[in-house]
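# Any chance you could fold what I've pasted below:
(2 chains)
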Amino acid sequence: MSSLSATIQDVFNEPGCGKNANKSEAERKKGCTKQLQPGGAAGGCAFDGAKIALQPLTDVAHLVHGPIACEGNSWDNRGAASSGPSIWRTGFTTDINETDVVFGGEKRLYKAIKEIIEKYDPPAVFVYQTCVPAMTGDDINAVCKAASAKFGKPCIPVNSPGFVGPKNLGNKLAGEALLEHVIGTVEPEFTTPYDLNIIGEYNLSGELWQVKPLFDELGIRISACISGDGRYNEVASSHRARAAMMVCSKAMINVARKMEERYGIPFFEGSFYGIQDSSDSLREIARLLVERGAPPDLLERTEAVIAREEAKAWAAIEPFKKRLTGKKVLLITGGVKSWSVVAALQEAGMELVGTSVKKSTKEDKERIKELMGQDAHMIDDMAPREMYKMLKDAKADIMLSGGKSQFVALKAAMPWLDINQERSHAYMGYIGMVKLVEEIDKAIYNPMWEQLRKRAPWEKANSNWQAKAIAQAEAEAAVLAADPVAAEAARRAKKICFCKSVDLGTIEDAIKAHGLTDVAGVRQHTNASGGCGACAVRVEDVLAQTNAPANLLQAAE
Amino acid sequence: MTQSAEHVLDHFELFRGPEYQQMLANKKKMFENPRDPAEVERVREWAKTPEYREKNFAREALTVNPAKACQPLGAVFVAVGFEGTMPFVHGSQGCVAYYRSHLSRHFKEPSSCVSSSMTEDAAVFGGLNNMIDGLANTYNMYKPKMIAVSTTCMAEVIGDDLNAFIKTSKEKGSVPAEYDVPFAHTPAFVGSHITGYDNALKGIIEHFWDGKAGTAPKLERQPNEKINFIGGFDGYTVGNLREIKRIFKMMGIDYTILGDNENVFDTPTDGEFRMYAGGTTLEDAANAIHAKATISMQQYCTEKTLPVIGNHGQEVVAFNHPVGVTGTDAFIMALSRITGKEIPEELALERGRLVDAIADSSAHIHGKKFAIYGDPDLCLGLASFLLELGAEPTHVLATNGSKQWAEKVQEVFDASPFGKNCHVYPGKDLWHMRSLLFTEPVDFLIGNTYGKYLERDTGTPLIRIGFPIFDRHHKHRYPVWGYQGGLNVLVTILDKIFDEIDRNTNVPAKSDYSFDIIR
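All right, here's what the predicted structure looks like:
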């Protein structure tokens, strides 16, 4: 059994990750996750990441070892759906107190496991480590081992205390726990040539079920979904599947890759968001299964299903065209697969603003992906009035985003649709896209927006906050123009590359000093875009602006 | 499981016991001429069809499950809004017991009201003696500052002349000559409780302003800066008037509430019984003539009163029970325009908060269909608010709604893209509504307590807004007017929507994959 820090190092050194492969040795060691900025509005912790990754396993008891904070705030907070068991929604915690902190909480943990097994008898107990017992030295691995031996029931330690890093790391550590303690521990009752693992899919709002009928029709058996609507025994015996689909997210890439390594299960990265993506994924699944020995007619059958489902979906979107043509969508989101919905939006006649992407070829999609990811970071750091100006300048009719930006959109009086995990509609698969277009239509035509944009009838024109925000932004720009010192400070304060913390001033100076013309040159001189590389687009913008002839700049202004 | 003194069962459980079930079954079998259950079922289903609806709407004489009450109820309601006033209903006492129980059951407060207790001989010879004795007894037993007289049908049919009767009573010494006894004729065979409210308020105003039935000089109007406010017949009067007073105070407006029911329907439990509590003082009622303007929150509760006030030289403004942002905006703007007072920042904040709340949750209401029934003004206010939220008030029905009212509702529909498929039903009853709910189903029904039968029969979830609400407590304490009131209505609607979502997703291991804690 490896130590926690060794596991983390191992996770960071993920060969399956393209970005990781491009890094230098030193960078790799530092890890791939952005260090959280003290004082910043923070996202979740590693514990949270591990919990949300495993919580959708519906028939196991999830026991959080720690003070009430950790389970108290996270109990049943995700809309993952179960087709049967409900024990995953029961909040189990050791709720440790001062005595446990002083004398150790291992005994309490052991007893808690015992009580769960006696009272609920789940197929397994997942035990989550949290900051406090990790610091006081409770060894959950040892407790789980003892409990497993004593009660004859798998007790799985999930060693991902909050302080080790952000949510994303927790996802991976959860994957490690599955790899180490669960996967491959049970032999399946039977296997078929059509057995497929789906990794990194959480069945939020039951959206996997929108695709599952297609699998059923094709005779493809989901041997395990990790972890949406998952069952312990399915995951434990998932090593006998023929192929795996890693749902478009790097969250559990370690699971997919190591299962390939250990059990020879090939995987591909795919998504069911968007019509094209759904078709691509179905094709890829069929191809992999046939490669691994499934009868080749699966390919034809899959094509037939794709053709039928696509036609049905486009036909269903057709009626919305009249209402949606020419409407502008601003896509702003971080982890969500929003880029995949672009084709559906365009098919419904909508226009994308805020990105330079007009078509959705595969390469373009990559580009949107980067843009979206980066914009989400930008929004975190953006003052509300700047945000408002951006939305206003984009002249968008609706903003698609994750829950975080919801309130900004509301304050900016812009129709908004949530496509992140707290949503109540399922957007996956062909039906999902139709649902999304329907929801966009509903959101745009909600009369509330009109209400929201209207001033109170007694308010004088130009005294509402929107007008004030624009005026203030303009005033600030004017101050900067008149005051070289402040302008310099502003230039230094505006970050372009978040990974390497490189500001606009540094890049501009480097471009001027060295006559740089491309991103590679800027990277060489300033280290900007030397991290995740997503800011390359913005560096290009800076290059274009800085190198533009002065008279052209003035004309543009 | 018979009843025992050790463990007394209430009716929920008692009659489910085998011996009672047996008894009921026998009774049905032997004495009730039971029909073939299949035939009963067939008729039940038939009553849900468009064919039945057509017959139902062709009804000419019969009213089934009316959504209105009678004039004196409104008269009693407005009378107790005046200081130390005892409502005196001239006619049969049974009617009066109804008003008292109706108001008590809704407000969960004692309701004081007396009757002249007319009997058969009074019906033949006229009720003068009942009036004379009744006024004397009321005056001596309950020591009111004013007795407000209205009538039941009985007195109206025989044509008792209240003006003459009261005059005679005073001559006979029932009450002092200068004692205030305003009156109104309020027959139940005309209009409804909102008409009675209107008539009784008009009677009180004319009494004070126009020379107390010839016993005093008419008042001379000397305009001041005050404004008068009339709430109309309102099941939310306690919360609403508190909210309105708060708004007036915030804006620095000097006001008189005509018919101030706030306290009489919300007396504290502190060991003292208050037969009278709060109310518009008689002095204020008289001085209201000098006000700059009078605002009525419910046009159809003040159709006769407002012209009388207007004829005395004031500006009069009527609203239709404004609910929500746009409606409240119009009300606040009118206040500001009439009084010249600035709208305070605090109100602007409250407005912003309501808009914010609507924005946060309107996605759940947008696109939903509603049926509404109730008093005409309430229907208008709620329909406007629903349209503002992007919902469709598909059926709007008022048994006491007039043709003009229907036109006004139609105008509201026409002004919104969401009103396209909505219809208004003046003069129809809840049995008509039943057919509507079966043949053109909606997502939710808004109405008073009686809507629970429609909810049960048609499966349309009932959102209780209106009067009377007997089976839920204390709703009358929360305003539905003002931006705060809009918020309350929004939350009431949302609560039901979320309850429904939960109710439809709560079967373990069957539908509870959507039984989420976050909505």
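# Could you use CA atoms for every contact and neighbour count after this?
Fine.
# just checking, what packs against the longest helix belonging to chain B?
The longest helix of chain B (DSSP state H) is helix B:482-503. Packing contacts for helix B:482-503, counted by 3 or more Cα pairs under 8 Å, 6 or more residues apart in numbering or on different chains; DSSP states H and E, involve helix B:237-251, helix B:325-339, helix B:345-361, strand B:462-464.
# go with 10 Å
Helices and strands touching helix B:482-503, by 3 or more Cα pairs under 10 Å, 6 or more residues apart in numbering or on different chains; DSSP states H and E, are helix B:237-251, helix B:325-339, helix B:345-361, helix B:376-388, strand B:444-447, strand B:462-464.
# Let me know whether the helix or strand residue B:396 falls within sits next to chain A.
Element membership for residue B:396 (DSSP states H and E) is strand B:392-398. No: on the criterion Cα under 10 Å from any Cα of the partner chain, strand B:392-398 is out of touch with chain A, staying 11.8 Å away.
# how deep is the residue of the stretch 151-300 of chain B found nearest chain A tucked in, by neighbour count?
Closest contact between the stretch 151-300 of chain B and chain A, by Cα to the nearest Cα, is at residue B:251 (13.6 Å). Residue B:251 is flanked by 21 other residues according to other Cα atoms under 10 Å in any protein chain shown.
# quick one: contacts for it?
Taking Cα atoms under 10 Å, 6 or more residues apart in numbering or on different chains, we find residue B:251 in contact with B:245, B:332, B:335-336, B:339-347.
# Just name the closest of the residues you listed to chain A, please.
residue B:343 (7.5 Å).
# and that closest one, what pLDDT?
Looking at residue B:343, its pLDDT reads 95.
# same thing with residue B:195?
Per-residue pLDDT puts residue B:195 at 97.
# quick one: contacts of stretch B:98-108?
With Cα under 10 Å, 6+ apart, stretch B:98-108 has contacts from B:69-70, B:72-77, B:96, B:109-114, B:235-238, B:264-267, B:449, B:467-477.
# could you pull out the strands for the stretch 51-200 of chain A?
Assigned by DSSP state E, counting those that start in this stretch, the strands in the stretch 51-200 of chain A fall at A:61-65, A:92-93, A:125-129, A:155-158, A:195-201.
# coming back round to it: which one of the helices and strands packed on helix B:482-503 has the poorest average confidence?
For these, where the average pLDDT is lowest is helix B:345-361, sitting at a mean of 92.
# Quick one: low-confidence residue ranges for the stretch 1-150 of chain A.
A:1-2, A:16-43 (pLDDT under 70).
# Please, where are all the helices along it?
Secondary structure of the stretch 1-150 of chain A, counting by DSSP state H, counting those that start in this stretch: helices at A:4-12, A:18-21, A:25-30, A:46-54, A:68-74, A:98-103, A:106-120, A:131-136, A:140-151.
# Residue B:392 is nearest to which of the ones you listed?
helix A:68-74 (37.4 Å; Cα to Cα).
# From residue A:139, how far off is residue B:175?
Distance from residue B:175 to residue A:139, counting by Cα to Cα, to the nearest Å: 91 Å.
# which of those two has more neighbours?
Between residue B:175 and residue A:139, counted using other Cα under 10 Å, the more crowded position is residue B:175 (22 against 16).
# Test my guess that the more buried one contacts residue B:139.
Yes: look at residue B:175 against residue B:139 with Cα atoms under 10 Å: they come within range, at 6.6 Å.
# Quickly list what's touching both of these two.
The contact sets of residue B:175 and residue B:139 overlap at residue B:147 (Cα under 10 Å, 6+ apart).
# Model confidence at residue A:510, what's the number?
89.
# Am I right that it is in a helix?
Yes: checked against DSSP: H, G, I helix; E, B strand; the rest coil, residue A:510 lies within a helix.
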